[in-house]
Structures are given as C-alpha cells and as structure tokens.
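Participant: Give the three-dimensional model of this entry:
(one chain, ligands or ions: 1)
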Amino acid sequence: MTAFADLIFPVLELAQARSVVEIGADTGGMTTLLANHCLHHGGRLTSVDPAPTPEFRMWASLNAQVRHIDLPSLDAFPELADIDAWVIDGDHNWYTVYNEITEAHRICRRDGKPLLAFFHDVSWPCARRDMYYAPERIPAEFRHPHSRNGGVTLDNPGLLENRGFRGGQNFAWADHEGGERNGVLTAIEDFMSDCQRAGREFGFAEIPGILGLGVLFDLDAPWSGAVAELLLPYHQNKLLRLVEEDRLRNSLWAHELRDAAAARSA
Ligand SMILES: C[S@@+](CC[C@H](N)C(=O)[O-])C[C@H]1O[C@@H](n2cnc3c(N)ncnc32)[C@H](O)[C@@H]1O
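Facilitator: Down below sits the predicted model:
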C-alpha cells in the first residue's frame with residue numbers, strides 16, 4: 001500500500017479523515033504512515049490483523065493513537081464506530097471483501113459518515129481470482145477449490161503446479177480465475193451493483209499499477225468532486241496498465257529462473 005501513499009494521503013486530506021481503519025497490517029509499513037496522518041489530525045488509527053509480525057504488535061502497543069485489534073476483519077466490525085476512511089488489504093477473496101465493504105457501509109450509514117474505502121489488489125492476480133490466507137475461515141459455499149502449491153501466471157485462468165506466483169505456507173489460490181463470486185474487483189463490483197439496485201451510487205477509481213488500488217467513495221460526500229478530479233487521470237490509465245503488465249512479466253520470468261535453478265539443484 002505504501003506505493004500509493006502519494007494518492008491515498010491527498011484523498012484523506014480532501015476528506016478530512018481523522019479516524020481511519022486499516023485491515024491487514026502485516027509488518028506495518030502503511031500503518032506507520034496512517035498513524036502519523038491520524039496523529040497530525042487529532043484522530044485515531046485502528047488496525048485489524050489476526051497475524052501481524054511480533055514487531056508490529058510491539059510498535060502498536062507503544063503508540064497511543066493506534067489501537068490494534070487482533071482478529072480477522074469480519075469479527076472486528078462490532079468494535080468499530082465513527083470511521084472516516086477504510087484501508088482494506090487483508091484477505092483477498094470475494095467473501096471477505098464483499099462482507100468488509102458491506103459492513104463498512106453499514107457502519108458509515110449508522111454513524112452518519114460518508115463511505116471512503118481504499119482497496120489493494122484490485123488488479124491481476126486477485127481481481128478475478130480468490131486467494132485465501134485461511135481457507136477454513138471462508139464458509140464452504142463461498143470457497144472455491146484451491147491450492148497452496150499451484151501458481152498463477154498471466155494468460156492462464158488455471159494454476160500451474162509448483163510454478164508462477166504461489167503462496168506455499170502463506171496462502172492458497174482458487175484453482176480458477178473468473179466466474180461468479182471470485183476475486184477482489186468482483187466483490188467491489190457486486191457491492192456497487194447491489195447498492196445501485198437500491199438507488200445508491202458510488203464513485204470508484206481503479207488504478208492499475210502495483211497490483212491495483214481501488215478507491216470507493218460516496219458521491220453524496222461534500223468532497224467527492226475533488227476526490228474524483230484528483231483520481232481521474234489514474235483511473236484505468238492505459239500507460240500504467242502497460243507498465244504493470246511489463247513488471248509482472250519480468251517478475252514471473254524471475255520466478256521461472258529461480259524455480260529452474262531449484263529444480264537443477266534438487
Ligand atoms: C498483504 S498483507 C498487508 C500489507 C500491508 N497493508 C502493507 O501495506 O504493508 C495482508 C495482511 O492481511 C492479514 N490478514 C489476512 N486475513 C485477514 C483478515 N481476515 N482480516 C484482517 N487481516 C487479515 C495478514 O495477516 C497479512 O498481515
């Protein structure tokens with residue numbers, strides 16, 4: 001997420017966001033920046049992650065403007081109120097993200113706040129394919145068949161055994177890309193379609209670099225025009241998309257070389 005700091009913080013400024021929730025902290029790279037923003041605006045950062053690093057837990061416990069909730073996001077929502085902005089970078093699958101947005105929206109409506117949410121991984125490979133940090137946390141009816149050894153590559157909707165980007169001990173990929181209720185971008189689009197049917201429209205910017213940033217915001221918010229103007233040049237930007245594809249192909253090629261070297265030395 002830190003790669004998007006030059007977009008995220010100006011948007012937080014325009015929205016005058018003081019109370020921010022970050023879902024998925026890991027080592028806390030983005031958390032420290034968000035905590036500084038909250039400190040300077042007299043606000044508070046709440047981080048939610050069931051498995052951040054021990055160093056992150058220590059850092060959070062020493063910062064008065066940070067509250068860390070050691071739970072998966074969907075168990076943490078009952079503890080959240082009066083949130084100005086959500087930074088969502090936790091478990092990258094349809095079930096989790098759809099329910100995260102739905103809950104964030106419900107809390108914003110209840111508390112009289114406009115919705116402003118940032119999502120990482122709205123582009124390939126998570127846009128249309130679930131990944132699961134903890135498959136057992138996803139109800140069976142929403143969980144796609146998945147694998148920890150299978151890897152994703154561009155131009156292949158399936159998985160390649162022991163090749164490509166793969167999660168190993170850390171996470172699993174859904175066996176297939178595409179189709180219903182699969183992936184982060186699909187979750188956001190489904191949420192927006194549900195809201196549209198209920199007569200509620202949102203702005204959404206999709207910034208196609210570094211795995212993709214999505215920004216979802218309430219069109220009724222007083223700052224929505226300024227945020228739209230700021231993000232418009234990046235939205236589905238063709239040059240960014242080309243540069244990202246090139247980066248991914250190079251990165252996948254490096255994986256191929258490492259896998260080939262490992263196979264030779266085995
Ligand atoms: C990609 S990392 C986050 C990176 C971080 N946002 C950054 O910018 O450096 C994903 C994190 O999400 C956490 N996570 C996984 N499932 C989660 C869930 N259901 N709720 C909250 N966090 C979750 C993982 O423990 C991991 O630390």
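
Participant: What lies in contact with the helix-or-strand element of the chain with minimal mean pLDDT?
Facilitator: None of the helices or strands of the chain scores lower by mean pLDDT, DSSP states H and E than strand 160-161, at a mean of 92. Contacting residues not belonging to strand 160-161 are listed as 149, 150, 151, 152, 153 [CB atoms under 8 Å, 6 or more residues apart in numbering]. C-beta: built from backbone N, CA, C; applies to glycine.

Participant: Of all the residues in stretch 207-226, which ones are buried?
Facilitator: When neighbours are counted by 16 or more other CB atoms under 10 Å, the buried residues of stretch 207-226 are found to be 207-218, 221, 223-224.

Participant: cool, stretch 236-248 as well?
Facilitator: Neighbour counts over stretch 236-248 (16+ other CB under 10 Å) mark 237, 240, 241, 244, 248 as buried.

Participant: Please flag which of the buried residues of stretch 207-226 sit within helices.
Facilitator: Among these, the members falling in helices are residue 224 (criterion: DSSP state H).

Participant: Relative to residue 164, which of the buried residues of stretch 207-226 is nearest.
Facilitator: Of all those, residue 164 sits closest to residue 211, with 14.9 Å by CB to CB.

Participant: and residue 199, how far is that from residue 212?
Facilitator: If you measure residue 199 against residue 212 using CB to CB, to the nearest Å, the figure is 28 Å.

Participant: Can you list the residue ranges for helices in the stretch 1-150 of the chain?
Facilitator: In the stretch 1-150 of the chain, the helices defined using DSSP state H, counting those that start in this stretch lie at 5-14, 29-40, 54-61, 73-76, 94-111.

Participant: quick one: average pLDDT of stretch 68-86?
Facilitator: Mean pLDDT, stretch 68-86: 98.

Participant: Distance across that stretch, terminal residue to terminal residue?
Facilitator: Between the start and the finish of stretch 68-86 there is a gap of 14 Å, counting by CA to CA, to the nearest Å.

Participant: so does that stretch get close to the ligand?
Facilitator: Yes - looking at stretch 68-86 against the ligand by CB under 6 Å from any ligand atom, the contacts come from 72, 73.

Participant: try stretch 38-52
Facilitator: Yes - judged by CB under 6 Å from any ligand atom, stretch 38-52 and the ligand are in contact via 48, 49, 50, 51, 52.

Participant: Mean confidence (pLDDT) on that stretch, please.
Facilitator: This predicted structure assigns stretch 38-52 an average pLDDT of 97.

Participant: cool, and stretch 230-245?
Facilitator: Averaging pLDDT along stretch 230-245 yields 98.

Participant: which residues touch it?
Facilitator: The list of residues contacting stretch 230-245 from outside it, by CB under 8 Å, 6+ apart, reads 7, 10-11, 14, 123, 154, 205-212, 215.
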